[in-house]
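Visitor: I would like the atomic coordinates for the input below:
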Amino acid sequence: LAWLAFTGGVFRDTLHESTTEGRRLYDAGKYAEAMAAYGRGRAEEPDNPVLAFNVGDTLLAMGKPDEALAEYRKALSSKDPKLTARTQYNIGNAYLQKQDFRRAIDAYRQSLLQDAAQKDAKRNLELALKKLKEQQEKEKQSKDQSKQDQSKQDQQKQGQSGDSKQSKDQQKQDQKNQQA
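Guide: The predicted structure follows:
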């Protein structure tokens, strides 16, 4: 009763308040402030998967995909299939940001297996597949160019050693002509 009197008779849910405040700040693009709000919630419930998901979103928006991935892995402990599907989707986004297209593709596929109605996951899966193909084509072109460069270098070395031999032969011939 003393606690109720102290809080004005209202039960306060710090986790809910901090999550709500954090989302509001996140939506306003105030990521550092959102992280501070989520931190207050972490003090109450450090292993909360919804909070981990929100922290992961904020870290990803801040350009910290590795830290975001660590949070998303915590969020996968949720029993809520919608949350785990969205978490897999965001794991794909983190890998996409890192340009690790294979892992992004795997995460988007996992997300779609859990919730096939996710249009964003379908679109990003297509994007990741396209980016992977482009990356593979660039790598192939780079390898082909390296082979061509190596072949030119080999030809130049052979030409130089041939030129050197011809030069030595010419010198010997010149010496014979001078002696005669």
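Visitor: which regions of this protein sit below the pLDDT cut-off?
Guide: Counting by pLDDT under 70, the chain has low-confidence residues at 1-12, 159-169, 180.
Visitor: Could you check how many residues crowd around residue 110?
Guide: Neighbours of residue 110 under the rule other C-beta atoms under 10 Å: 18. Every C-beta, even on glycine, is put in place using the N, C-alpha and C of the backbone.
Visitor: Where does it sit, in terms of helix or strand?
Guide: Using DSSP states H and E, residue 110 falls within helix 101-114.
Visitor: Pull out the buried residues from that helix.
Guide: By 16 or more other C-beta atoms under 10 Å, the buried positions in helix 101-114 come out as 101, 103-108, 110-112, 114.
Visitor: what's the angle from the longest helix seen in the chain to helix 101-114?
Guide: Ranked by residue count, the top helix of the chain under DSSP state H comes out as helix 119-179. With axes from the mean of the first three to the mean of the last three C-alpha atoms, to 10 degrees defining the directions, helix 119-179 sits at 160 degrees from helix 101-114.
Visitor: chain center to helix 119-179, what's the gap?
Guide: Relative to its parent chain, helix 119-179 has a centroid offset of 32 Å by C-alpha atoms, centre = their mean, to the nearest Å.
Visitor: now stretch 117-129
Guide: 16 Å.
Visitor: can you pull the buried residues of stretch 83-98?
Guide: For stretch 83-98, burial by neighbour count (16+ other C-beta under 10 Å) applies to 83-97.
Visitor: Just give the number of residues close to residue 177.
Guide: Neighbour count for residue 177, taken as other C-beta under 10 Å: 8.
Visitor: how about residue 115, what does it touch?
Guide: Residue 115 makes contact with 81-82, 85-86, 121, according to C-beta atoms under 8 Å, 6 or more residues apart in numbering.
Visitor: If you could redo that for residue 112, that was the one I meant.
Guide: Applying C-beta under 8 Å, 6+ apart to residue 112 gives the contacts 118, 121-122, 125.
Visitor: 10 Å - rerun?
Guide: By C-beta atoms under 10 Å, 6 or more residues apart in numbering, the contact set of residue 112 is 85, 88-89, 92, 118, 121-122, 125.
Visitor: returning to that earlier point: for the buried residues of helix 101-114, name the two members farthest from one another.
Guide: For the buried residues of helix 101-114, the maximum inter-member distance is 20.5 Å, found between 101 and 114 (C-beta to C-beta).
Visitor: Once you drop chain neighbours, what's closest to the most centrally placed residue in the chain?
Guide: With the centre of the chain defined as its mean C-alpha position, the nearest residue by C-alpha atoms, centre = their mean is residue 98, 2.1 Å away. Excluding the flanking residues, the one nearest residue 98 by C-beta to C-beta, 6 or more residues apart in numbering is residue 65, at 5.0 Å.
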